[in-house]
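Novice: Dropping the sequence and predicted coords here.
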Amino acid sequence: MFQNFHIDHLENFPKELDALLNQQRTVIDTITHSSESSYEKVLKPLQDLDEELGIFFTPLSHLNSVMNSKETQKAYEDSLPLLSKFSSEMAQNVALFEKIEKITAASQEEKTVITHDVRDFVLSGINLPKEEKKRLEAISLQLSELSNQFSQNLLDATNAYELIIENEEDVSGLPESDKEAAKEEIEGKTIYKFTLQMPSYLAYMTYGNNRAYRKELSKAYASRAPKNANVIDEILALKNEKAQILGFKSYAHYALETRDASKETDVTEFLHALADAALPQAKNELEALKAFALKLDNINDLAGHDVAYYSEKLKKEKFQFDDTMTKPYFEQSKVLHGLLEIVSELFNVRFEATDVPTWHTCVKAFDIYEEKKLSGRIYFDLEARKEKRGGAWMHDWETHYTDAKGEQHLASAFIVCNFSAATETSPSLLRHDDVVTLFHEMGHGIHHLFGKCQERSVSGINGVAWDVVEFPSQFLENFAYEPAILKRFGFHHETQESISNTLMAKIKETKNYQAALGILRQVEFSLFDFQLHQANYQGEEVQTLLNTIRKKTALLPVPEYNKFQHGFAHIFAGGYAAGYYSYKWAEVLSADAFFSCLDENSGFNKEAAKGYKEHILANGGAKEMSTLYQEWIGRKAEVKSLIKLYEIS
Ligand SMILES: [Zn+2]
């Protein structure tokens with residue numbers, strides 16, 4: 001039924017992959033050259049090839065992330081060029097495109113599969129004359145070099161700076177661990193070194209009591225990588241050109257072609273509505289901070305470089321609360337057990353531990369049953385180790401669908417986190433943030449595992465638009481702040497005493513501390529990113545655009561040396577161009593869905609959860625998410641739900 005996780009000879013992997021790809025090329029060739037033109041004879045077997053490739057390759061990419069070694073790296077690096085060559089061949093297969101374009105669909109799912117396939121062919125330029133295809137190729141090559149250059153400039157600038165503090169008094173407010181990290185002995189003298197690398201930079205900005213040093217650090221940070229100004233111009237011009245070759249008026253317009261948001265105004269109006277809703281409270285939050293800084297240190301001109309510092313101090317005074325107070329209540333095994341129990345009740349499924357091959361002894365695998373029928377498998381690999389890359393993620397392996405032979409496949413997925421392991425004196429204990437992370441990844445997991453589609457390309461998380469993939473994860477994450485949920489697994493690991501109402505209330509309050517200011521910041525980034533891709537902004541126009549947006553979103557004056565854009569790697573070196581808005585876009589859906597499923601007494605409303613499962617999770621990417629949402633709730637998700645989630649008045 002399910003695949004067994006194993007890779008026997010890593011050194012042979014690329015060779016085996018190459019053989020598999022060649023075998024697939026033959027199958028594709030046969031399909032392309034046959035007279036067959038039905039969905040069953042063309043798109044079914046093509047999806048089987050995708051599944052076959054995914055099943056084969058996922059264990060390697062997974063292993064490379066969770067059990068990294070020289071061998072996995074080599075196998076992985078040698079495999080990537082094979083895969084990218086194969087996928088660009090596929091994207092430029094004109095005969096296949098013409099065949100798929102003519103296929104008629106017999107169901108909604110089939111229709112979406114065809115629409116997506118045709119769309120992707122068109123977006124890779126299949127319809128264009130030869131010269132323009134060549135130009136597109138050259139543009140993507142240049143763009144990948146430029147984004148690399150952007151990161152490199154940023155990295156060089158980040159590493160080129162250091163601040164040396166000699167007086168211990170100036171680091172007296174830092175937590176011991178940050179102080180230790182900064183400490184160095186030079187010629188018998190103790191000094192403290194701070195850099196622009198995140199942990200070091202943040203430590204001083206948050207806890208450093210010398211205002212002049214904060215200003216200096218902040219200035220160095222905000223004026224990094226001036227060379228990136230030119231890189232930005234080139235990137236923006238090329239993206240704009242690419243979009244226009246493909247027939248779109250701007251890159252933003254092009255990007256929306258594959259997104260849930262349909263019009264540019266949908267995005268910009270949404271972001272403005274969000275800013276408007278957050279503004280009044282954001283002003284109050286800032287006033288409170290100013291008053292606090294005045295009272296505490298007689299500061300009457302609070303600046304950007306003071307915000308993190310006084311925010312932390314005010315937070316401490318207000319809540320008298322930190323991680324160490326809740327940690328003893330969140331024992332890893334109990335939290336996982338509690339989560340599975342909640343998901344079982346909420347969605348009427350059952351998890352049964354299963355003894356199957358995995359990649360590490362700490363991995364726990366479960367089979368999932370729905371109405372007594374086996375329906376999926378999930379693996380949890382939750383603890384940090386040196387062979388694992390940082391962060392947390394869900395990785396899908398097998399997919400729920402029906403293949404060309406009519407056989408039913410079931411889905412499987414891996415949940416990976418980096419929680420601290422048990423020690424000699426204590427079991428593995430989670431910070432509340434970790435609990436939230438586990439819920440988040442499980443949200444992605446069930447999106448994939450509870451998919452019920454028959455077509456692989458739209459089943460589970462497949463075919464789901466990029467700006468809504470975080471909806472199911474954020475949805476589940478929201479429950480991790482609810483007392484009715486936390487109570488179910490929050491027991492002190494020594495005394496078994498239940499987590500108190502006071503602590504649970506503090507978890508929620510601290511989450512919403514300065515929430516409105518946080519929203520304004522996100523709106524600023526999102527609007528800047530999106531508008532920047534709506535036309536070909538060059539040179540000073542980039543700064544002018546940012547200044548215009550800041551008139552609404554920045555409540556404190558921003559110094560002229562601040563060139564935030566030179567470090568905005570998400571959009572210039574990552575995949576977020578014209579897509580930064582997605583974080584908030586998906587959050588509105590998740591907040592709205594959350595309130596529809598929340599029951600303050602038991603934690604959740606089972607009837608509503610059933611609807612969420614049947615409409616949202618089961619349908620994967622078969623329809624646009626906003627359509628699925630509308631079908632489930634009977635209306636659009638509302639911005640005010642997000643405002644309510646952050647308890648903004
Ligand atoms: Zn996520």
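Specialist: Thanks, I have it.

Novice: all contacts plus neighbour counts: C-alpha atoms, from now on.
Specialist: Fine.

Novice: what sits against the spatially most central residue of the chain?
Specialist: The centre of the chain sits closest to residue 470, judged by C-alpha atoms, centre = their mean, with a distance of 6.6 Å. For residue 470, the contacting residues are 444, 583, 586-587, taking C-alpha atoms under 8 Å, 6 or more residues apart in numbering as the criterion.

Novice: Among those, which one has the most neighbours?
Specialist: For the contacts of residue 470, neighbours were counted using other C-alpha atoms under 10 Å, and residue 444 has the most, 27 neighbours in all.

Novice: That one and residue 468 touch, don't they?
Specialist: No - taking C-alpha atoms under 8 Å as the contact criterion, residue 444 and residue 468 are not neighbours in contact, 11.2 Å apart.

Novice: Neighbouring strands of the longest strand seen in the chain in the sheet, and parallel or not?
Specialist: Assignment by DSSP state E gives strand 373-383 as the longest strand of the chain. For strand 373-383, the paired strands and their directions (DSSP bridges) read strand 364-370 (antiparallel), strand 411-419 (parallel).

Novice: Any idea how far that strand is from the middle of the chain?
Specialist: Computed by C-alpha atoms, centre = their mean, to the nearest Å, the separation of strand 373-383 from the middle of its chain amounts to 21 Å.

Novice: For the protein, which element, helix or strand, carries the lowest mean pLDDT?
Specialist: Using mean pLDDT, DSSP states H and E, the weakest-scoring helix or strand in the chain turns out to be strand 603-604, at a mean of 84.

Novice: Toward the C-terminus, what is the element adjacent to it?
Specialist: Elements were assigned by DSSP states H and E; along the chain past strand 603-604, the next helix or strand is helix 606-611.

Novice: average pLDDT for the helix or strand following that following helix?
Specialist: Proceeding N to C from helix 606-611, the next assigned helix or strand is helix 625-633, under DSSP H and E. For helix 625-633, mean pLDDT rounds to 97.

Novice: If we go by neighbour counts, what in helix 625-633 is buried?
Specialist: 625-626, 628-629, 632-633 (16 or more other C-alpha atoms under 10 Å).

Novice: Can you give the contact residues for that helix?
Specialist: Residues lying outside helix 625-633 but in contact with it, judged by C-alpha under 8 Å, 6+ apart, are 260, 464-465, 468, 611-612, 615-616, 619, 635-637.

Novice: follow-up on the earlier one: contact partners of the least confident helix or strand of the chain?
Specialist: Contact with strand 603-604 is made by 346, 479, 482-485, 597-598, as judged by C-alpha under 8 Å, 6+ apart.

Novice: other SSEs contacting the helix or strand harbouring residue 27?
Specialist: Using DSSP H and E, residue 27 sits in helix 13-33. Applying 3 or more C-alpha pairs under 8 Å, 6 or more residues apart in numbering; DSSP states H and E, we find helix 13-33 packed against helix 39-66, helix 70-91, helix 94-102.

Novice: Off-centre distance for that helix?
Specialist: Relative to its parent chain, helix 13-33 has a centroid offset of 32 Å by C-alpha atoms, centre = their mean.

Novice: Flag every buried residue along that helix.
Specialist: Neighbour-count burial for helix 13-33 flags 13-14, 17, 20-21, 24-25, 28, 31-32 (criterion: 16+ other C-alpha under 10 Å).

Novice: Stretch 203-213 too?
Specialist: 203-209, 213.

Novice: Looking at those, which one is closest to residue 306?
Specialist: Closest approach to residue 306 among those (C-alpha to C-alpha): residue 205, at 7.6 Å.

Novice: mind listing what the closest one touches?
Specialist: Under the criterion of C-alpha under 8 Å, 6+ apart, the neighbours of residue 205 are 214, 217-218, 305-306, 308-309.

Novice: pLDDT on the helix or strand where it lies, on average?
Specialist: Here residue 205, judged by DSSP H and E, is contained in helix 198-207. The average of the pLDDT scores along helix 198-207 is 94.

Novice: gap between the helix or strand following that helix and the chain center?
Specialist: Next helix or strand after helix 198-207 toward the C-terminus (DSSP H and E): helix 211-222. The gap between where helix 211-222 is centred and where its chain is centred comes out at 30 Å by C-alpha atoms, centre = their mean.

Novice: And stretch 597-613, by the same measure?
Specialist: Distance, stretch centre to chain centre, for stretch 597-613: 25 Å (C-alpha atoms, centre = their mean).

Novice: what's the span of that stretch, first residue to last?
Specialist: For stretch 597-613, the separation between the terminal residues is 11 Å (C-alpha to C-alpha, to the nearest Å).

Novice: tell me, how many neighbours does the closest residue to residue 402 other than its chain neighbours end up with?
Specialist: Distances taken as C-alpha to C-alpha, 6 or more residues apart in numbering place residue 408 nearest to residue 402, at 4.6 Å, with adjacent residues excluded. Other residues lying near residue 408 total 13 when counted by other C-alpha under 10 Å.

Novice: which residues sit in contact with residue 408?
Specialist: Residue 408 touches 400-402, counting by C-alpha under 8 Å, 6+ apart.

Novice: Tell me which of the residues you listed fall in strands.
Specialist: When DSSP E defines the strands, the subset of those inside them is 401-402.

Novice: can I get the strands paired with strand 373-383 in TSV with mean neighbour count, mean pLDDT and distance to residue 564?
Specialist: TSV is the format used below for those (neighbours: other C-alpha atoms under 10 Å; pLDDT from 0 to 100; distance: least, C-alpha to C-alpha, whole Å):
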stretch	mean neighbour count	mean pLDDT	distance to residue 564
strand 364-370	19	98	43
strand 411-419	23	97	30
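
Novice: All set now, cheers.
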